[in-house]
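> okay, here's the prediction I keep looking at, along with the sequence it came from:
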Amino acid sequence: DAGVIQSPRHEVTEMGQEVTLRCKPISGHDYLFWYRQTMMRGLELLIYFNNNVPIDDSGMPEDRFSAKMPNASFSTLKIQPSEPRDSAVYFCASSPTGVSGQPQHFGDGTRLSIL
Amino acid sequence: QKEVEQNSGPLSVPEGAIASLNCTYSDRGSQSFFWYRQYSGKSPELIMSIYSNGDKEDGRFTAQLNKASQYVSLLIRDSQPSDSATYLCAPGNTDKLIFGTGTRLQVFP
C-alpha cells in the first residue's frame, strides 16, 4: 500500500512568494494532519481534518497560513506571503480513526526554505 | 510547564546495553501513548503504542505507562548503532497527538 505522499520534497523560494504544499493521505484514512517541525519548537500540529472537514486550526500560526481538503484524497497547505521564519519541514500525516484507535502515519515531509 | 517533557539528550549508550527513554505529560485526559523514532532528515516512524498502565513488549522494545504519575517510558534492550535516532513521545487525547521535542539516542560500538 502506498503511504502518505507529499509534494514537493524540497521547496526554495523568495520571501513574499506564495507556497503550496500538497498531501495525499493513505486511502481509507479519515483523518489528515499537517505538522511543522523546527529545531527550536519541535513537531507542532498546525491543523487537522476529519472526513475533509477542518476540526482544529488553532495551531495555524497566522492568517498567512491556510489549508484545504477538497476531497478525501488531497489536501493543500498554503502560505501567502511567505517569510523566512516559515522555513521548516512540513509533514502531513493520516490515520484511519481518531488517535485513541490508530496511530498516525507520516509522509516524507516537505523541506521549505524561504530566502 | 510544557505539555510533554523529554530530556533532549544526547543519551549515549554502548552497543548491547539497555537504553531508557523517559517522558512526562501534563494532560490527565490522555488516553493513548505512542513512541515514534525519527532518523535525521527522515519522517517520524511509529515503533510502539500503549493504552493501559503497565508494560508492553515488542521485540527489543518495552513501553511502560503509569497514568497516575503521568509518566511513560521506552526501554530498548540490546541497543544497536542502528537505533541511533531521536525518539518522540506522543500522548493522545481524542483526535490529537501532542509531541515532545524528543530524546536523541546515540549507540556507540
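Alright, I've got the coordinates.

> kindly report the residues of chain A close to chain B.
A:31, A:35, A:41-45, A:48, A:50, A:55-56, A:91, A:98-100, A:103-109 (CB under 8 Å from any CB of the partner chain). (Glycine included, C-beta is placed from N, CA and C.)

> could you list the buried residues of stretch B:38-52?
With burial defined by 16 or more other CB atoms under 10 Å in any protein chain shown, the residues of stretch B:38-52 counted as buried are B:38, B:43-44, B:46-50.

> can you list the residues you listed in CSV and add distance to chain A, secondary structure and pLDDT?
Shown next, in CSV, are the buried residues of stretch B:38-52 (distance: CB to the nearest CB, whole Å; DSSP: H, G, I helix; E, B strand; the rest coil; pLDDT from 0 to 100):
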residue, distance to chain A, secondary structure, pLDDT
B:Gln38, 9, strand, 97
B:Ser43, 4, coil, 97
B:Pro44, 5, coil, 97
B:Leu46, 5, strand, 94
B:Ile47, 10, strand, 95
B:Met48, 9, strand, 94
B:Ser49, 6, strand, 93
B:Ile50, 11, strand, 94
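
> looks like B:Arg78 contacts B:Gly16 (just checking).
Actually, residue B:78 is Asp. It isn't Arg. Yes: B:Asp78 is in contact with B:Gly16 according to CB atoms under 8 Å; the separation is 5.8 Å.

> and the helix or strand of chain B with the lowest mean pLDDT, what does it pack against?
Using mean pLDDT, DSSP states H and E, the weakest-scoring helix or strand in chain B turns out to be strand B:96-97, at a mean of 85. Judged by 3 or more CB pairs under 8 Å, 6 or more residues apart in numbering or on different chains; DSSP states H and E, strand B:96-97 is in contact with strand A:42-50.

> touching the strand it packs on from outside, list them.
With contact meaning CB atoms under 8 Å, 6 or more residues apart in numbering or on different chains, strand A:42-50 is reached by A:30-38, A:54-57, A:59-61, A:65, A:67, A:69, A:75, A:77, A:91, A:98, B:44, B:88, B:95-102.

> show me the shaky parts of chain A.
Residues of chain A that meet the criterion pLDDT under 70 lie in A:1, A:98-101.

> show me where chain A has strands.
Using DSSP state E, the strands of chain A run over A:5-7, A:10-13, A:19-24, A:31-38, A:42-50, A:53-56, A:65-71, A:74-79, A:88-95, A:105-106, A:110-114.
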